[in-house]
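Participant: give me a 3D structure for the following:
(3 chains)
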Amino acid sequence: MGAIVHRPGRDFGFGLLALAVLGLVAPWIGLYPVFVMKALCFAMFACAFNLLLGFTGLLSFGHAAFFATAGYAAGHAIKVWGWPMEAGLGFAVLCSGLLGLAIGALAIRRQGIYFAMVTLALAQMVFFVFLQAKFTGGEDGLQGIPRGRLLGALDLADDLNLYYAVLAIFLACLALCYRIVHSPYGQVLKAIRENEPRALSLGYRVDRYKLLAFVLSASLAGLAGGCKALVVGFETLTDAAWQMSGEVVLMTLVGGVGTLFGPVIGAFAIVGLQDQLADRVGSWVQVILGLTFIVCVLGFRRGIAGEVAAWRERRRATSR
Amino acid sequence: MEILGIPLQALLGQLLLGLVNGSFYAMLSLGLAVIFGLLNIINFSHGAMYMMGAYVAWMMMEYLGLGYWWSLAIAPIVIGAFGIVIERLLIRHVYKLDHLYGLLLTFGLALVIEGVYRDRFGASGQPYGVPDALRGATNLGFMILPNYRAWVVVASLLVCFLTWFVIERTRIGSYLRAGTENPRLVQAFGVNVPRMVMLTYGFGVALAAVAGVLAAPIIQVSPLMGSNVIIVVFAVVVIGGMGSILGSILTGLALGLVEGLTRVFYPEASATVVFVVMALVLMLRPAGLFGRES
Amino acid sequence: MNTTLRNAVSTALVAMGIAGAGLAHAQAQPRLSGNAIRIGVLTDMSGLYSDISGQGSVTAAQMAVDDFIAANKPAYKIDVISADHQNKPDVGSGKAREWYDTQGVDLIADIVNSGVGLAAAKVAAEKKKLMINTGAGSTRLTNEDCNPYSIHWAYDTYALAAVAGRAIVQGGGKSWYFLTADYAFGQSLEQDTTGIIKANGGTSFGSVRHPLNASDFSSFLLQAQASKAQVIGLANAGGDTINAIKAANEFGLTKTQSLAGLLVFISDVHSLGLNVAQGMQLTDGWYWDLNEDTRKFGRRYFEKMKKMPGMVQAGTYSATLAYLNAVKAAGSDEADAVVAAMKKTRYNDFYLRNGHLRDDNRMVHDMYLMQVKKPAESKYPWDYYHVKATVPGDEAYQPMSASRCPMVKKS
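Facilitator: Residues are numbered from 1 along each chain as shown, chains lettered A, B, ... in the order given. Below you'll find the predicted structure:
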């Protein structure tokens, strides 16, 4: 038999195409566009998070801070300053990137479990700042963010128009993640994940690489947060709370840490689960999420995409 | 009398309240440190255990009519036993994995526990009365101090001291300390290390339960009380470093006082001040005030 | 394009429905979307406001629907659904959006918690569907944030200040310090009360803000104590008020300063007990023991809930029934027509005394100044209040001349 060459680029292309087709038809097969948009935003958020955990080996337990910062930044710029929607999103990415720089610079001073605790604590600090700051509206949230027009022409108040805009942003974000991971820079990150002392001894300035990864991840999380604020017209403290940081960890874990499509699958699974269960089981949603966490940690650490990849690997090995 | 334009009365009053909060931080971070020392796991469900301790007290009162002093004795045993079951069933499976999985596992556990209690008791708090013997207040001249709060400070200092004494000055404690350094060696000396690990986890969460019972008459017994406090305690742990028992006790108390001071001079920052201190410590002394850089 | 297509289809379906209904019944039937009316009760089911609203409001709305059906035998279906907004504006507005978009909800009622109320009002305006707020208090609902589709029913923070706040200042409590829940409701209440205090010759020494659903009030109360004000105004509600009052007693504040609960519900008095609550003056929009009509409703509700209703729960009944009657009168469930019908009506029933719906969508009705009885004065269960004064709606509510609502035309 001729050897089947494993080409990640081709796989990724197919995957992206499949997602694009699925995304295009979703609103026409009875899916509520607002729901799909929300799931897409969370998928972006999870991909951004995974850039850090999956491809750099850093567990941030404070990504909610970036998600929410971007939401408030976009909302404030668009609603209060009257900026166009594109500029608002750009501002959101900038703000969360800068916050990422600050938090990242502090957090990378510690490793492993301390890193997780430091990010969690700093994100909680951001939460309290948002709780008291004037521009966030505190408990009431930043309400009534207008969606505006795309490039000044297309009215995004129509759910479908906004839907396709968000879909496009999502696909671009996914492609960007692929580019980052498969660039020489991404390879260095992988080396750091596998063995930090070795990367250090090879002469890489590990801290700089880690910090850049942190900022990139925060910025993309910001893109996701900005989009979500536009979709729901709203930004609240829920997005800044530690539970949100936990949720994005769970999405990534369920979908598959360190896989490109895993976080997308995980995000849709978790958002869908919450959407379906919220009314029926009340507080049990949280119990189910917690149980999912436990199951994933104890026996499903590769996640859905990871298991699929492993299964394909095995098939490839046997057919060879 | 005034200091820097602040009435002495307000200053001392807030410092005393800060000390009460600090006692809870101290007990909780002490439990975290004990568990981390031997298990290398950050117990995210520590807050949930604290909450359950308070609920055991509340339920004993509500369903069995057993008062505060019974709860103070029984709740730590119940929660300690629960912790031991959890350790056997779940946590021991992640010892061989990256430490981060321990954090994730206990995070999931915290979600489950909190969710179950929210379903059962709702999100708002249940009142729990102050025990008769500690009712009333003492007029200190500068403030009226409810007797119960004074008791909390005394009791938690006592608990912290006993824990420190057991770990630093007794034979069991010496095994524990040796196990922290080198579990294999201790095993070779004929100590049953898995059992020691199990009991340590049980002891750590029992400390959280004591804190929960002590807190019950002060704050509303609510399913969210654990998650409200645990992240602050994490910051305390990062500030103190987890190397030393005494360190985590002192850091907890000190940060309670810092919070109290902040309430006097700049109340808006009282929720964030612990995290600001953490950021400063990370910049100046990344390993923590009492930590050793690994 | 898609939306117009969808609109066309739904219009056609509605037309068919109406035609069908018209054939079946000779008499005039309201033109209804989906040939049914669905009322959504959006409330706090398990949090700190669940006692003042919660399941009780859902029950009250269902009672109103049952009473309307019994009295009018309508040919269309009416049902009540409910959801828990968890006191989170994002959850509440998401639920409102989903209800209007996909569940065919015509009216959203209750919406205790002003943050959620303001968020849901925006969705109502966007979807041009009706919302009657009986639970939230912020006057922003009928001022800056007013819109044609959101109605404010039972009470608001201005009325709370104008009734009990004014009485306390006139009774000698001139200097105030506020303990304020840090969100829309608490801020509105502090602001409105400060205005009334100043107008009556009092002063405010400032405020300390506490988070919604705070667990420990001790440090906030020490700040309040240090202010040396005569009156500590509690600009919060539900569980927060209860805990603040308890902590104030624990720290001996009540010996030197007096507490003014600016929004106290009968359920709060019930959980505090008369021993703690006695003598307190408060504003209420309704009390079960006012007269025979109110007692009748109170007893019916008590049979279902084992508690007496408060002004929010009874208000949800009142609003639901008024809505259903307005739909009948307007012959349509289209929001503009229903609101117009309501504005034409003068209300005088067990709940609303001299009630009418103003142009800013404020339901103006008589309010009461209550004083909590001493334990010895309470003769039977839930006998908690002396009615000290009945304040006419026009004096209790913010005058239209001061309105900041863009819908109100200034002459």
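
Participant: got a list of what A:Met251 touches?
Facilitator: A:42-43, A:45-46, A:49, A:263, A:266-267, A:269-270 (CB atoms under 8 Å, 6 or more residues apart in numbering or on different chains). Where you see a C-beta, it was placed from the backbone N, CA and C, and this is true even at glycine.

Participant: TSV for these, including pLDDT, secondary structure and distance to chain C?
Facilitator: Below are the contacts of A:Met251 laid out as TSV (pLDDT from 0 to 100; DSSP: H, G, I helix; E, B strand; the rest coil; distance: CB to the nearest CB, whole Å):
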residue	pLDDT	secondary structure	distance to chain C
A:Phe42	96	helix	14
A:Ala43	95	helix	18
A:Phe45	96	helix	15
A:Ala46	96	helix	19
A:Phe49	96	helix	20
A:Pro263	94	helix	22
A:Gly266	95	helix	21
A:Ala267	95	helix	17
A:Ala269	93	helix	19
A:Ile270	92	helix	16
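
Participant: quick one: average pLDDT of the helix or strand hosting A:Arg10?
Facilitator: For A:Arg10, the enclosing helix or strand under DSSP states H and E is helix A:8-25. Over the span of helix A:8-25, the pLDDT mean works out to 84.

Participant: just the buried residues of it, please?
Facilitator: Neighbour-count burial for helix A:8-25 flags A:12, A:15-16, A:19, A:23 (criterion: 16 or more other CB atoms under 10 Å in any protein chain shown).

Participant: just the residues you listed that are near chain C?
Facilitator: Among the buried residues of helix A:8-25, no residue sits close to chain C (CB under 8 Å from any CB of the partner chain).

Participant: mind putting those residues into a markdown table with distance to C:Asp101?
Facilitator: What follows is the buried residues of helix A:8-25, written out as a markdown table (distance: CB to CB, whole Å):
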| residue | distance to C:Asp101 |
| --- | --- |
| A:Phe12 | 35 |
| A:Gly15 | 31 |
| A:Leu16 | 30 |
| A:Leu19 | 25 |
| A:Gly23 | 20 |
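
Participant: give the contact list for residue 315.
Facilitator: In the absence of a named chain, this looks at chain A. Here A:Arg315 is in contact with no residues (criterion: CB under 8 Å, 6+ apart).

Participant: not what I meant, chain C
Facilitator: Contacts of C:Gly315 (CB under 8 Å, 6+ apart): C:134-135, C:153-155, C:285-286, C:351.

Participant: what's the farthest-apart pair in those?
Facilitator: Farthest pair in the contacts of C:Gly315 (CB to CB) is C:Gly135 and C:Tyr351. Separation: 14.5 Å.

Participant: for chain A, what spans make up the strands?
Facilitator: A:142-143, A:149-150, A:154-155, A:234-235 (DSSP state E).

Participant: could you find the closest non-adjacent residue to the residue in the stretch 51-200 of chain A positioned nearest to chain B?
Facilitator: Nearest residue of the stretch 51-200 of chain A to chain B: A:Met125, at 3.5 Å (CB to the nearest CB). In this structure, A:Met125 finds its nearest non-sequential neighbour in B:Phe275, 3.5 Å apart by CB to CB, 6 or more residues apart in numbering or on different chains.

Participant: with C:Asn213 instead?
Facilitator: C:Leu48 (5.1 Å).

Participant: which strand or helix spans that neighbour?
Facilitator: Counting by DSSP H and E, C:Leu48 is part of no helix or strand.

Participant: same question, B:Ala178
Facilitator: Element membership for B:Ala178, per DSSP H and E: helix B:171-181.

Participant: quick one, phi psi at C:Val41?
Facilitator: phi -100, psi 110 (degrees, to the nearest 10).

Participant: cool, and C:Pro211?
Facilitator: Dihedral angles (degrees, to the nearest 10) for C:Pro211: phi -70, psi 150.

Participant: mind listing what it touches?
Facilitator: Taking CB under 8 Å, 6+ apart as the test, what C:Pro211 contacts is A:131, A:139, C:181-182.

Participant: closest to C:Leu357 out of the contacts of C:Gly315?
Facilitator: C:Trp153 (9.0 Å).

Participant: per-residue confidence at that closest one?
Facilitator: So C:Trp153 comes in at 93 (pLDDT).

Participant: got the contact list for it?
Facilitator: C:132-134, C:315, C:318-319, C:363.

Participant: all strands for the stretch 101-250 of chain B, in order.
Facilitator: B:137-139, B:144-146 (DSSP state E, counting those that start in this stretch).

Participant: want to try JSON lines for these, with mean pLDDT, distance to A:Leu120 and mean neighbour count as columns?
Facilitator: Below are those laid out as JSON lines (pLDDT from 0 to 100; distance: least, CB to CB, whole Å; neighbours: other CB atoms under 10 Å in any protein chain shown):
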{"stretch": "strand B:137-139", "mean pLDDT": "84", "distance to A:Leu120": "37", "mean neighbour count": "13"}
{"stretch": "strand B:144-146", "mean pLDDT": "84", "distance to A:Leu120": "33", "mean neighbour count": "21"}
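
Participant: among the ones you listed, which comes closest to chain C?
Facilitator: Closest among those, once you apply CB to the nearest CB, is strand B:144-146, at 3.9 Å.

Participant: and that closest one, how far out from the chain middle?
Facilitator: In terms of CA atoms, centre = their mean, to the nearest Å, the centre of strand B:144-146 is set 24 Å apart from its chain centre.

Participant: what is it packed up against?
Facilitator: Judged by 3 or more CB pairs under 8 Å, 6 or more residues apart in numbering or on different chains; DSSP states H and E, strand B:144-146 is in contact with strand B:137-139.

Participant: just checking: what are the partner strands of the strand it packs on?
Facilitator: strand B:144-146 (antiparallel) (DSSP bridges).
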